[in-house]
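> I need the structure of the sequence given here:
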Amino acid sequence: MSKRQKFTPEFRAEAVELVLSSGKSLVEVSESLGINEGTLGNWVRAYRTEHPETETEERGPVEWAQHEKLRRELAEVKRENEFFKRCQRLFRLEGQEISAIFRFIMEHSAKYPVNWMCQQLEVSRASYYRWLNPSTELSEAKALRAMRTVLVLTEYEASNGVAGAGQLVDLIRNNHKQYVPKSTVLSIMNEHGLKAKRVSAFKVTTVHDQQARTAHIKNHMVDKLGRRDFRSSRPGTKLVGDITYLRTGEGWLYLATVIDLYSRQIVGWSMGANMQTQLVIDAMQLAMSRGFISAGTVFHSDRGTQYTSDAFQAWCSENGVRQSMGRTGVCWDNAVAESAFSTIKNEMYHHRAFTSRVAARTAVMEFIEIWYNRKRPHTTNGGLSPQMLLDWYWEQNSLALAA
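Numbers count the residues shown, from 1 in each chain. This is a model prediction of the structure:
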C-alpha cells in the first residue's frame, strides 16, 4: 500500500465542520487529524465561498476588538468554571489543611498557571513555592509520587475521562516516555476519585438477505484448522467492516466502518440517515483513497444486505477486493468490527446527547480520527495507537529499503 493519502468529499466536509463548530483553531484541527494546515485551510475557504451565508457580517476595527474582548472574557469564565468544578471535592472537606491546597495546585500545574490558581484559591504564591521546595528536600519517593500524579491526571483529562488504568500506563509511556506501574496508576486514580467512563455494550443486529447470491464468498478469516484468524502481517492486506446505528434527536444515524487488521485503525468510515449500500461503498472508498485497498485485499464482513448486494459485490470485483463473510448471527465472526463500535459507544456516544445528525457526525468523526486512530492505546498493538504502529511500520520499511 502507498503512504500517499487522498480524502473523500465526506471526509473533507466533516473536517471543515470540525473547524467551524468545535471551537478549535484550524491549526489544532489540522494537527489532530494529521492534515496539512494549508490543505485544510483551502477546504474551509472553498466551503465559505460556496456557502456565503455561513460567513459573519464584516466587522469594523472597533466592533472586532469588542468581539475579541468578549471572546477572551468568555474563555476566562469557562476556565474558571472548569477549575472550580475540579476544586469541589477539595472544598467539601471542612478545615482543609493548607498543604492539601498546595498539593492540588501542584497536581494541576500542567493545565493551569500556578499564579492564577493561587489567586483563585486565595493563597500566597511564595508560600506555595516554599512548600514545593522546602529547605529539606522532598524525599525521592515523595517527589516520584508527585511527578507520577501529574502524569496520570494530565492523561486522564486529555482522554476526557475514558482512559482506564491500563490505558493510562500506555498513554504515559507513549506521550511522556515514562513508565508508571498499573498499581500506582490505580492508587492515584482512587486517591482522586477517578474512574473510566464505561456503560454496557450495545448489541448490533444484522439483517440477512436470504435471496443474496453469496455461495461463492468464503470466510478468509480462518486458518487451515478452521480457527478464527484476524492477524495481518502488513497494512492494507486484511480489512473488516460493519454497520451500526446511533440515536439522535432527528432520528437514527448509521455508521459504516472499515478497519485495517494490521494496525486496527479505522481507515474508512461513512455516515448517513439510511442503511443503503452506498453507505458501505463510501466507507470503502475512503479506505481506498488512503491507500489501504489494492488488488488482492481481503475484506471481511457479516452477511448483511448491504455487503451481499449486487452493487457492493460489483464494486469489490472492480477494485480487486476479495470478499470474506462469516456466519449469520455469530458475533465472533466479526468481533474486531463490533469491538470498535463498542468502544465508540462506551467511551463517547452514550455519555452525550445529540439533538441533530450533524452534531453526532462531527463528534463521531472527531472521536475516530483524533482519539481512536491517533491516541488511544490498543492492546493488540502492544499499547501503541493504530497510527503509532503504522508510523513504526513505515519507518522500518524505509530502513529496510535503504539498507
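> did I read that right, Met271 in a strand?
Yes. Under DSSP: H, G, I helix; E, B strand; the rest coil, Met271 sits within a strand.
> For it, which residues count as its bridge partners?
Beta-bridge partners of Met271, counted by DSSP bridges, are Leu255.
> Report pLDDT for it.
What the model reports as pLDDT for Met271 is 95.
> In space, what's closest to Ser356 - neighbours in sequence excluded?
Distances taken as Cβ to Cβ, 6 or more residues apart in numbering put Glu250 closest to Ser356, at 5.4 Å, once the chain neighbours are dropped. Placement of C-beta: from N, CA and C, glycine included.
> Please name the residues that touch the one you found.
Residues counted as contacts of Glu250 (Cβ atoms under 8 Å, 6 or more residues apart in numbering) are 355-357.
> Show the buried residues in those.
Among the contacts of Glu250, those buried by neighbour count (16 or more other Cβ atoms under 10 Å) are Arg357.
> Show the subsequent helix or strand relative to the helix or strand of the chain with the lowest mean pLDDT.
The helix or strand of the chain with the lowest confidence, counting by mean pLDDT, DSSP states H and E, is helix 61-91 at a mean of 60. Next in sequence after helix 61-91, counting helices and strands by DSSP states H and E, comes helix 98-107.
> now for that next one, which elements pack on it?
helix 61-91, helix 114-121, helix 125-132, helix 140-158 (3 or more Cβ pairs under 8 Å, 6 or more residues apart in numbering; DSSP states H and E).
> If you count neighbours, what's buried in that helix?
Neighbour-count burial for helix 98-107 [16+ other Cβ under 10 Å]: 101-107.
> pLDDT and distance to Trp392 added to those, as a markdown table?
Shown next, in a markdown table, are these (pLDDT from 0 to 100; distance: Cβ to Cβ, whole Å):
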| residue | pLDDT | distance to Trp392 |
| --- | --- | --- |
| Ile101 | 82 | 43 |
| Phe102 | 84 | 41 |
| Arg103 | 82 | 38 |
| Phe104 | 82 | 38 |
| Ile105 | 85 | 38 |
| Met106 | 83 | 35 |
| Glu107 | 80 | 33 |
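> Out of the residues you listed, which comes closest to Asn274?
Closest to Asn274 out of those is Glu107 (48.2 Å), distances taken as Cβ to Cβ.
> coming back round to it: adding distance to Thr277, write the buried residues of helix 98-107 out as TSV.
Formatted as TSV, the buried residues of helix 98-107 follow (distance: Cβ to Cβ, whole Å):
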residue	distance to Thr277
Ile101	60
Phe102	61
Arg103	58
Phe104	55
Ile105	57
Met106	56
Glu107	52
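> Closest one of the residues you listed to Met189?
The closest of the buried residues of helix 98-107 to Met189 turns out to be Glu107 (Cβ to Cβ; 12.6 Å).
> Surely that closest one and Leu151 touch.
No. With contact defined as Cβ atoms under 8 Å, Glu107 does not reach Leu151; the gap is 10.3 Å.
> Mind listing what's buried along the host helix or strand of Leu253?
Element membership for Leu253 (DSSP H and E) is strand 251-260. Neighbour-count burial for strand 251-260, counted by 16+ other Cβ under 10 Å, picks out 253-260.
> Which parts of this structure are strands?
Along the chain, counting by DSSP state E, strands occupy 238-248, 251-260, 266-272, 298-301, 322-325.
> can you pull the contacts of the residue nearest to Asn36 when sequence neighbours are not counted?
Computed as Cβ to Cβ, 6+ apart, the closest residue to Asn36 that is not its neighbour in sequence is Ser30, at 6.7 Å. Counting by Cβ under 8 Å, 6+ apart, Ser30 touches 36-37, 39-41.
> Would you convert those residues into a markdown table that also reports neighbour count and pLDDT?
A markdown table is the format used below for the contacts of Ser30 (neighbours: other Cβ atoms under 10 Å; pLDDT from 0 to 100):
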| residue | neighbour count | pLDDT |
| --- | --- | --- |
| Asn36 | 10 | 85 |
| Glu37 | 14 | 85 |
| Thr39 | 12 | 88 |
| Leu40 | 22 | 88 |
| Gly41 | 15 | 87 |
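> hmm, which two among those are most spread apart?
Farthest apart among the contacts of Ser30 by Cβ to Cβ are Asn36 and Gly41. That separation is 8.8 Å.
> quick one: the residue lying closest to Lys375 once chain neighbours are set aside and Val29, what's the gap?
Distances taken as Cβ to Cβ, 6+ apart place Ser385 nearest to Lys375, at 5.4 Å, with adjacent residues excluded. Here the criterion is Cβ to Cβ, to the nearest Å. By it, Ser385 lies 18 Å from Val29.
> Same question for Gly161.
22 Å.
> Please apply the same query to Arg247.
26 Å.
> More neighbours: these two, which one.
Shown here are Arg247 and Val29; by other Cβ atoms under 10 Å, Val29 has more neighbours (22 against 13).
> shouldn't that one be in contact with Glu17?
No. Under the criterion of Cβ under 8 Å, Val29 makes no contact with Glu17, lying 10.1 Å away.
> My read is that Ile344 contacts Glu369, right?
No. Using Cβ under 8 Å as the test, Ile344 is too far from Glu369 to be in contact (11.9 Å).
> Where does pLDDT dip in the stretch 51-200 of the chain?
Residues of the stretch 51-200 of the chain meeting the criterion pLDDT under 70: 53-81, 83-96, 134-139, 199-200.
> got the contact list for Gly164?
Residues in contact with Gly164 (Cβ under 8 Å, 6+ apart) are 196, 198.
> 7 Å - rerun?
Contacts for Gly164 were tallied using Cβ atoms under 7 Å, 6 or more residues apart in numbering; they are Ala196.
> how about it, phi and psi?
The phi/psi pair for Gly164 (degrees, to the nearest 10) reads phi -90, psi -180.
> Check Val321 too.
The phi/psi pair for Val321 (degrees, to the nearest 10) is phi -90, psi 130.
> and the closest residue to Met117 other than its chain neighbours, how far is that from Gly296?
Nearest-residue entry for Met117: Ile105, 4.9 Å, with adjacent residues in sequence omitted and distances by Cβ to Cβ, 6+ apart. As judged by Cβ to Cβ, Ile105 and Gly296 stand 58 Å apart.
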